[in-house]
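Asker: Fold the following for me, if possible:
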Amino acid sequence: MKKYLYSLILSLLCSFTLVSCSDEDSPDERVTIQFGSDTPNKMLAISTTEALVSKLYGTNIAIIDLDDHSVKGTIDLGTETKGMTLNGTTAYVITDSTGFAVINTTTKTVTARVTVGDVPASIIADSARNQIVLLSQGSFYRGTTAKIHFISMTSLKATDSIEIGGTDYVATLIDAGSSAYVLYGNRVGVLNFNAKAITNTSLIAKSYYGGYFDAESN
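Answerer: Presented below is the predicted three-dimensional model:
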């Protein structure tokens, strides 16, 4: 399953089509789903038979049937989309630079829109603590800094935040269950979901964009 997902992710990032392996041990056996002039960007499996795929410059999300490998519909968001995450039958999708949308994956409808942060870039559904963890990168032009926001899944209101001070650039958050790995421009830190704090700012030192921390092998 892991090889299958990695192949999907790599294919999404490197081509104008969505390519899925039918067998994790036989990567040459695959099918291609055409997206026309759209460029697939992010993918989120919402069940064993369906996935959502955002488009790099598009304003809607494609619904993919994983059984017959077809595009079965779209969900219009009216803006570019970035990161996505899932909690049960609810998907949270970052929309442009304003916040995120809440999508019911059963009805395929947008049920709420939340404005939070300046230039949201990464989102995690922390179901164990009933919260959404969102990274906003901030804007040099608007004089805002990067922040990590904690939002209640029940009220969709922010409950806390961590400001990333100084000149630190934070690219993304990597979900690791009870914590997340914070990918800075030159190192990897650890975000503790319970403490709502970055407890280790230099877990791994890397050259700029040197690579992601692998939670399974470390």
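
Asker: Show the contacting residues for the closest residue to T154 other than its chain neighbours.
Answerer: Of all residues not flanking T154 in the chain, N130 sits nearest, at 6.4 Å (C-beta to C-beta, 6 or more residues apart in numbering). Heads up, the C-betas are built off the backbone N, CA and C, glycines and all. Listed by C-beta atoms under 8 Å, 6 or more residues apart in numbering, the contact set of N130 reads S152, M153, T154.

Asker: V102 too?
Answerer: Listed by C-beta under 8 Å, 6+ apart, the contact partners of V102 are T90, A91, Y92, V110, T111, A112, R113, V114, L156.

Asker: Kindly recompute the last result at 7 Å.
Answerer: Listed by C-beta atoms under 7 Å, 6 or more residues apart in numbering, the contact set of V102 reads T90, Y92, V110, T111, A112.

Asker: is it true that the fourth one touches N104?
Answerer: Yes - applying C-beta atoms under 7 Å as the test, T111 and N104 come out as touching, 5.2 Å apart.

Asker: more crowded one of those two?
Answerer: Taking other C-beta atoms under 10 Å, T111 and N104 do not tie; N104 has more neighbours (14 against 11).

Asker: Now do the end-to-end distance for stretch 141-150.
Answerer: Taking C-alpha to C-alpha, to the nearest Å, the first and last residues of stretch 141-150 lie 24 Å apart.

Asker: What segments of this structure are helices?
Answerer: Ranges of helices within the chain are 2-14, based on DSSP state H.

Asker: in it, what spans have low per-residue confidence?
Answerer: 1-31, 36, 166, 205-218 (pLDDT under 70).

Asker: Grab the longest strand from it for me.
Answerer: strand 197-205 (DSSP state E).

Asker: Run me through the strand neighbours of it, direction for each.
Answerer: Under the criterion DSSP bridges, strand 197-205 sits next to strand 187-192 (antiparallel) in its sheet.

Asker: hang on, the earlier thing: what is the nearest of the contacts of N130 to D126?
Answerer: M153 (8.5 Å; C-beta to C-beta).

Asker: Skip the chain neighbours and tell me the closest residue to that closest one.
Answerer: N130 (4.9 Å).

Asker: can you pull the buried residues of the longest strand of the chain?
Answerer: By neighbour count on 16 or more other C-beta atoms under 10 Å, the buried set for strand 197-205 is I198, I204.

Asker: i'd like the first residue to be 44 from this point on
Answerer: Renumbered: residue one is now 44, and that last one reads strand 240-248.
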